[in-house]
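Novice: Predicted model and sequence follow; I will ask about them next.
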Amino acid sequence: MKIITDPKRIDEFLSRGVETVLPSKEFVREKLMSGKKLKMYLGIDPTGPNLHLGHLVTILKLKEFADLGHEAILLMGDFTGMIGDPTDKSAARKQLTKKEVKKNLSGYKKQLAPVLKFGWGGVRVEFNSKWLSKLKFEEVVNLASNFTVQQMLARDMFDKRMKENKPIYLHEFLYPLMQGYDCVAMDVDGELGGNDQLFNILAGRDLMKALKNKEKFVIGVKLLTDASGQKMGKTEGNMAALTDSANDKFGKVMSWPDGLILPGFEILTKADLGKIKKRMEKGENPRDLKLDLALEVVKLLHSEKEAKKARENFIKVFSEKEKPVEMEKVRVKTRVQNILNLLVNTKLVSSKAEARRLVEQGGVKIDDEVIKDWQAEIEIKNRMVIQVGKRRFINLELSEKI
RNA sequence: GGGCAGGUGGCGGAGUGGUCAAUCGCAACAGACUGUAAAUCUGUCGCCUUCGGGCUACGUAGGUUCGAACCCUACCCUGCCCA
């Protein structure tokens, strides 16, 4: 594949959605312009079964790199993942088994398929267990001698835990080491990652310099945060997972604070940012801009048709408070059931106590009628619609057999 | 190895013999409101219940007591200080 040296595209690659470029933008631009094939990688720890939009941002960047004709590697941290990242204090360190890692990986593959085809467009998948599991203790010690405890402690996460008298496990210090060694093992020219990964990535930069006398470049991608640096939602509640349905993804994007509109367009779409800014300045309703953003995001991961359907659905359910276009169908056998049992049986709630609470608070509707009495016996009719809260709907189907 | 302080609900953190299913904050859920699933306000927030109550839970295992998250013993785990 030919190396693309179009300055415009390279500029776009180095600036759109990018927070940090090390050692300098000029350095990396020069490399990219040289026409030489470069090797850059992005690491993911396969700790959970699902990827979310945050992962997607970096993966899209990796794809961009591949599209420029370079060698892009998606590194699965199966080794690091197996050791487990003990971020909380006493929660039993979850050590992933080989089986789980494998399962997670195949899930990722599926989830990423719409945006990235493995073995295509230059993106290659590697596993770091390939080299990390072979390191001898002696080699590990050698690697460790490149770093000081003080350097590690400089990391804000560790610093915070020191101040709070919370445990820091020794092997946590080895994390950056392992990640750094990945660069050495693959002998890459650069590394890509979320800007929050900078510390680990820099460890790799140091190692590359020390062991290979190579200047590894680093591209730190912007995180999905608003202007004040607040991560979207306090947790990752509205960080849509790639496995979410088109409707859910659409809704989650709509729930983002307005401050995320521009960053969202910047890092998740190819939309013309100037135009978006203009629309904002003109005082256009942010909701409409967000509808466009949500549409683009869903389009990225589903078809355009599905994206449009999700938008229609959202407008119906939330703006006009109507029922969704399509809802899940649930079969029931018993013709007459108590409302609580019905809610539990259809898996809308997890316990009777919860069901009762919802009913008492007026959060349960059957065919648009609020059910207030938790002792009510419901006579089930075909195609009856049960709604819990604002956004959970199911369509009942009477099963004819006993 | 020694001394000290701790281990409580999804998380943080009160409680130190009965009135504790456990104050409070965060997260979550429902309702009102809103351009939005944001913000704000209100309510809920272990499980089961014939709504009387029952059951399971405060690191683990035993014990004392009419009664234990709280007292005793052993064990496991964490932090701090000393060596």
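Specialist: Structure's in. What do you need? Numbers count the residues shown, from 1 in each chain, chains lettered A, B, ... in the order given.
Novice: How is chain A partitioned into domains?
Specialist: Following automatic domain parsing, chain A resolves into domains at A:7-221, A:246-319, A:328-398.
Novice: Let me know the average pLDDT across stretch A:162-171.
Specialist: In this model, stretch A:162-171 has a mean pLDDT of 80.
Novice: Now that stretch: buried residues?
Specialist: Buried residues in stretch A:162-171, counted by 16 or more other C-beta atoms under 10 Å: A:Ile168. Any C-beta I mention is one placed from the backbone N, CA and C, and that applies to glycine too.
Novice: Could you give the separation of that stretch from the chain centroid?
Specialist: Chain-centre distance of stretch A:162-171: 27 Å, with C-alpha atoms, centre = their mean, to the nearest Å.
Novice: any bit of that stretch sitting next to RNA strand B?
Specialist: Yes. Judged by C-beta under 7 Å from any atom of the strand, stretch A:162-171 comes into contact with RNA strand B at A:Met162, A:Asn165, A:Lys166, A:Pro167, A:Ile168.
Novice: try stretch A:274-290
Specialist: Yes. Against RNA strand B, stretch A:274-290 shows contacts by C-beta under 7 Å from any atom of the strand at A:Asn285, A:Pro286, A:Arg287, A:Lys290.
Novice: what about A:Gly274, how many residues close to it?
Specialist: 8 (other C-beta atoms under 10 Å).
Novice: And for the one 3 residues further on?
Specialist: Under the neighbour criterion other C-beta under 10 Å, A:Lys277 is assigned a count of 13.
Novice: Can I take it that it is in a helix?
Specialist: Yes. With DSSP: H, G, I helix; E, B strand; the rest coil as the criterion, A:Lys277 is assigned to a helix.
Novice: Check what pLDDT the residue positioned nearest the centre of chain A gets.
Specialist: Nearest to the mean C-alpha position of chain A, counting by C-alpha atoms, centre = their mean, stands A:His52 at 2.1 Å. A:His52 is assigned 79 on the pLDDT scale.
Novice: isn't it right up against A:Ala241?
Specialist: Yes. Between A:His52 and A:Ala241 there is a contact under C-beta atoms under 8 Å: 4.7 Å.
Novice: As a check, name the ranges of all strands in the stretch 51-200 of chain A.
Specialist: A:71-76, A:123-127, A:190-194 (DSSP state E, counting those that start in this stretch).
Novice: Tabulate those in JSON lines, adding columns for distance to RNA strand B, mean pLDDT and mean neighbour count.
Specialist: Below are those laid out as JSON lines (distance: least, C-beta to the nearest atom of the strand, whole Å; pLDDT from 0 to 100; neighbours: other C-beta atoms under 10 Å):
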{"stretch": "strand A:71-76", "distance to RNA strand B": "27", "mean pLDDT": "91", "mean neighbour count": "23"}
{"stretch": "strand A:123-127", "distance to RNA strand B": "30", "mean pLDDT": "87", "mean neighbour count": "17"}
{"stretch": "strand A:190-194", "distance to RNA strand B": "21", "mean pLDDT": "91", "mean neighbour count": "24"}
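Novice: could I get those strands as CSV with distance to A:Leu112?
Specialist: Below are those laid out as CSV (distance: least, C-beta to C-beta, whole Å):
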stretch, distance to A:Leu112
strand A:71-76, 8
strand A:123-127, 9
strand A:190-194, 15
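Novice: Now A:Gln375: which helix or strand?
Specialist: Assigning secondary structure by DSSP states H and E places A:Gln375 outside every helix and strand.
Novice: what about it, distance to A:Ile339?
Specialist: Distance of A:Gln375 to A:Ile339, given as C-beta to C-beta, to the nearest Å: 8 Å.
Novice: Which one's more surrounded, those two?
Specialist: Under the criterion of other C-beta under 10 Å, the comparison of A:Gln375 against A:Ile339 puts A:Ile339 first, with 22 against 9.
Novice: can you tell me which residues contact the more buried one?
Specialist: Residues in contact with A:Ile339 (C-beta atoms under 8 Å, 6 or more residues apart in numbering) are A:Ala355, A:Val359, A:Val364, A:Ile366, A:Ile371, A:Asp373, A:Trp374, A:Gln375, A:Ala376, A:Glu377, A:Ile378.
Novice: For the nearest residue to it once chain neighbours are set aside, grab phi and psi.
Specialist: Leaving aside its chain neighbours, A:Ile339 sits nearest to A:Ala376 (4.7 Å; criterion: C-beta to C-beta, 6 or more residues apart in numbering). Dihedral pair for A:Ala376: phi -60, psi 140, per degrees, to the nearest 10.
Novice: do A:Glu379 as well
Specialist: With angles defined as degrees, to the nearest 10, A:Glu379 sits at phi -90, psi 120.
Novice: Which residue is the nearest non-sequential neighbour of the residue in the stretch 151-300 of chain A that RNA strand B sits nearest to?
Specialist: The stretch 151-300 of chain A approaches RNA strand B most closely through A:Gly251 (1.8 Å), counting by C-beta to the nearest atom of the strand. Nearest residue to A:Gly251, sequence neighbours excluded (C-beta to C-beta, 6+ apart): A:Phe314, at 6.1 Å.
Novice: pLDDT at the one you found, what is it?
Specialist: 87.
Novice: Then A:Thr87?
Specialist: For A:Thr87, pLDDT reads 43.
Novice: Going along the chain, name the helices of the stretch 1-150 of chain A.
Specialist: Secondary structure of the stretch 1-150 of chain A (DSSP state H, counting those that start in this stretch): helices at A:7-15, A:25-33, A:53-67, A:78-83, A:98-112, A:129-132, A:137-144, A:149-153.
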